[in-house]
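Trainee: prediction below, plus the sequence it came from.
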Amino acid sequence: MLLSRFDGPARLLVRSLLCGPSGTHRALDVFHRQQRVNTDMSLSHFMETLCQDEVTSPQTGAQPLTVKPLVCLFPALFKHNLLCFIYLVHSALPRTAVLRLLKCLSQDPHPSAWVMALVRQLERPVGTQNDKPLYTPLCSQRLKELSKHLVGSGETGGWARCFSGPTMDSDSQHASGLSELGTQQKRKGSIVTLDSDCEEIEPQSKRMKMDACCSERCDMGDRNGKEETESEAPAETIGEKLQATPEGPCEVLSQHIKDSILQIKELLESQTEWDQSSMNVFKVLNDCNHGQVEVLCSTLSLPDLPEQTLPNLCSSILSSALDFSYSTAATLIKSLLLQKVLSLSEPASRCLVTAVTSLCSRYPRPMCHALIGPVLEEKSMGSSQADLLNRLIEGCLDSHYRLLVLQMTFKISWTEAVLSVIHSLLDSKPDFSEELFTQFSNQLLSQGSQFTKSVKFAKIMLTVLTKYNNHMTAAHKHSLQGCLMENETFLKKSLQAALKRITS
């Protein structure tokens, strides 16, 4: 009934935003497709409709009719997805329209705590002076209790022991509070950072640094353990591997994790269909820290899994009951996919494409750092890898992550395959800042001398001159003119004509 208030294009957006946890990505994909079909596409009418007053009937006859903004009648999940979507595209929206929508959401008589946190988060980039913290008073109190509990603690193991160890305060109420906070910590990446796909904040960065240090220690211990076991028992079983696991701060596995690894191994080797009870065994990943996930991946030999197993495996680990941290998702992606993608000598199989796109849609940032970045850095990267990356760019990454991938290309030497990826990034029309466009222009000048006869490089230049001419300054035009003089392809005249139209 609510859908009838919207026109055709806006109705597609609303349907996408109602599609569960992936609603933000679906809506963003729908919006980009609509923009490609209609360059004058605008969200103004969509925003106005959401803010229109709607008369609602009471649940009981004793209550009077009430008037609420239409957006308040939608479920909390829709509002959550809507705010994440607007956060990603707010630069293309009128500021007054965004502020009006936020004001309407604040009129909700029964607001969701997460929705209100996202409202305050969105008020900052649109210019509203809002210094209120994003967390609730209850969360603040729990954080204070946690900080008091940590003062003077000299034990190793970091935060994980505070949440799962038996050395917590004996006061049951205090322990309960910390336990709940531990559960929230596992999900904080998806909430505080706008469904893991918006702006990364400082605590997330600090956690990533800690995970990186932990990863280095785990890698050293893992390599040492592998050298010893391979020299003594080359044909060891999965059980022997678990018994030989090096004991360190990151590698300690509880018995129930070891039991689950054995069950997962049997499931991966079976030829039968996976049912729901079989998939539930992967919930053990929720109980693993970064180091334990590395041990699990190594023990199960995930890099060597046949590709036909990947769709079932990815479907299981992407179930709604699992929500991984950045480090856990990056470890799984690297173990499962990196070697398979690097070894491609022909177009990726359907199974591999399904696995890569499904993981990228849920965990775009880990995918960028654990797979896309290493593939771009590989000097032997070919057209098969480039085609797969282009699929991810077009179907799974929003503007923020496309810009992240583009910045990765600034740190490497360009090849024909990398040029294909860059061209795909530019065709997706990411939102360039002035600084980033200047950096990209400098890369065109510094790396262009080796591509004077490259048609792909010429197409990149033509895209820049036609689709991004509003970013051009006089300095950009002067430097690009020198770059065009060296071009030796059949597109040279078209390039010079495009530059002339800008300068005139």
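Mentor: Cool, the structure landed.

Trainee: find me the pLDDT at T309, would you?
Mentor: Note on T309: pLDDT of 87.

Trainee: list the contacts for it?
Mentor: Contacts for T309 were tallied using CB atoms under 8 Å, 6 or more residues apart in numbering; they are L268. (Glycine included, C-beta is placed from N, CA and C.)

Trainee: at 10 Å instead, please
Mentor: 267-270, 274, 302, 336, 351, 355 (CB atoms under 10 Å, 6 or more residues apart in numbering).

Trainee: likewise for L82?
Mentor: Per CB under 10 Å, 6+ apart, neighbours of L82: 13-14, 17-18, 23-24, 27, 46, 50, 71, 74, 101, 105, 115, 118.

Trainee: go again using 7 Å as the cut-off
Mentor: Taking CB atoms under 7 Å, 6 or more residues apart in numbering, we find L82 in contact with L17.

Trainee: return the set of buried residues in the helix or strand containing it.
Mentor: According to DSSP states H and E, L82 maps onto helix 76-89. When burial is assessed from 16 or more other CB atoms under 10 Å, helix 76-89 yields the following buried residues: 77-89.

Trainee: before we move on, back to that, okay, the contacts of T309 in a markdown table with secondary structure next?
Mentor: Below are those laid out as a markdown table (DSSP: H, G, I helix; E, B strand; the rest coil):
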| residue | secondary structure |
| --- | --- |
| L267 | helix |
| L268 | helix |
| E269 | helix |
| S270 | coil |
| W274 | coil |
| L302 | helix |
| L336 | helix |
| C351 | helix |
| A355 | helix |
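
Trainee: what subset of those residues is buried?
Mentor: By 16+ other CB under 10 Å, the contacts of T309 give 267-268, 274, 302, 336, 351, 355 as buried.

Trainee: among those residues, show me the least confident.
Mentor: Scoring the buried ones among the contacts of T309 by pLDDT puts W274 last, at 72.

Trainee: mean confidence for the helix holding L82?
Mentor: Mean per-residue pLDDT for helix 76-89: 86.

Trainee: the next helix-or-strand element following that helix to helix 76-89, inter-axis angle?
Mentor: Sequence-wise, the next helix or strand downstream of helix 76-89 (DSSP H and E) is helix 95-105. Counting by axes from the mean of the first three to the mean of the last three CA atoms, to 10 degrees, helix 95-105 lies at 160 degrees to helix 76-89.

Trainee: for helix 95-105, name the packing helices and strands.
Mentor: helix 44-51, helix 113-123 (3 or more CB pairs under 7 Å, 6 or more residues apart in numbering; DSSP states H and E).

Trainee: between those helices, which gets the lowest average pLDDT?
Mentor: Among those, helix 113-123 has the lowest mean pLDDT, at a mean of 81.

Trainee: remind me which residues of this protein are low pLDDT?
Mentor: 1, 57-63, 126-136, 151-252, 271-273, 275-279, 320-322, 503-504 (pLDDT under 70).

Trainee: domains of it?
Mentor: 2-123, 203-390 (automatic domain parsing).

Trainee: burial measure for P75, as a count.
Mentor: 10 (other CB atoms under 10 Å).

Trainee: quick one on the thing from earlier: please identify which of the helices and strands packed on helix 95-105 is closest to D398.
Mentor: Smallest distance to D398 across the helices and strands packed on helix 95-105 (CB to CB): 15.8 Å, for helix 113-123.

Trainee: quick check: D431 vs P125, distance?
Mentor: According to CB to CB, to the nearest Å, D431 stands 12 Å off from P125.

Trainee: please report phi then psi for the residue nearest to the spatial centre of the chain.
Mentor: Closest to where the C-alpha atoms of the chain average out (CA atoms, centre = their mean) is P364, at 2.6 Å. Per-residue torsions, P364: phi -70, psi -40 (degrees, to the nearest 10).

Trainee: excluding its backbone neighbours, what's nearest it?
Mentor: Y401 (4.9 Å; CB to CB, 6 or more residues apart in numbering).

Trainee: thinking that neighbour is in contact with C368, fair?
Mentor: Yes - the pair Y401 and C368 qualifies as a contact (CB atoms under 7 Å) at a distance of 5.7 Å.

Trainee: pretty sure I372 is in a strand, no?
Mentor: No - counting by three-state DSSP, I372 is not part of a strand but helix.

Trainee: if I look at it, how far off is E394?
Mentor: From I372 to E394 the distance is 13 Å (CB to CB).

Trainee: more neighbours: these two, which one.
Mentor: Per other CB under 10 Å, whichever of I372 and E394 has more neighbours is I372, with 26 against 15.

Trainee: which ones are touching that one?
Mentor: Contacts for I372 (CB under 7 Å, 6+ apart) come out as 389, 392, 405.

Trainee: again, only this time at 6 Å
Mentor: I372 makes contacts with V405, as judged by CB atoms under 6 Å, 6 or more residues apart in numbering.

Trainee: for H471, same thing?
Mentor: Neighbours of H471 in contact, by CB under 6 Å, 6+ apart: 432, 437.

Trainee: how about S361?
Mentor: Applying CB under 6 Å, 6+ apart, the residues contacting S361 are 25, 396.

Trainee: please apply the same query to L118.
Mentor: L83.

Trainee: return the distance of it relative to P75.
Mentor: Using CB to CB, L118 is found at 15 Å from P75.

Trainee: ok, N469 next?
Mentor: For N469, the distance to P75 - CB to CB - is 43 Å.

Trainee: what about P311, neighbour count?
Mentor: 16.

Trainee: next, count neighbours for the closest residue to it other than its chain neighbours.
Mentor: For P311, ignoring the flanking residues on the chain, the nearest one in space by CB to CB, 6+ apart is T354 at 4.9 Å. Counted with other CB under 10 Å, the burial measure for T354 works out to 16 neighbours.

Trainee: likewise K379?
Mentor: 8.

Trainee: cool, and the one 3 residues further on?
Mentor: A count of neighbours around G382, defined by other CB under 10 Å, yields 15.

Trainee: let me see the contact set for it.
Mentor: A417.

Trainee: how near is it to L342?
Mentor: Counting by CB to CB - G382 and L342 are separated by 10 Å.

Trainee: ditto for K500
Mentor: From K500 to L342 the distance is 43 Å (CB to CB).

Trainee: same deal with R33?
Mentor: Distance from R33 to L342, by CB to CB: 31 Å.

Trainee: so the closest residue in space to S413 that isn't next to it in sequence, which of the three states?
Mentor: Spatial nearest neighbour of S413, chain neighbours left out: Q447 (7.3 Å); criterion: CB to CB, 6+ apart. Put simply, Q447 is helix when judged by three-state DSSP.
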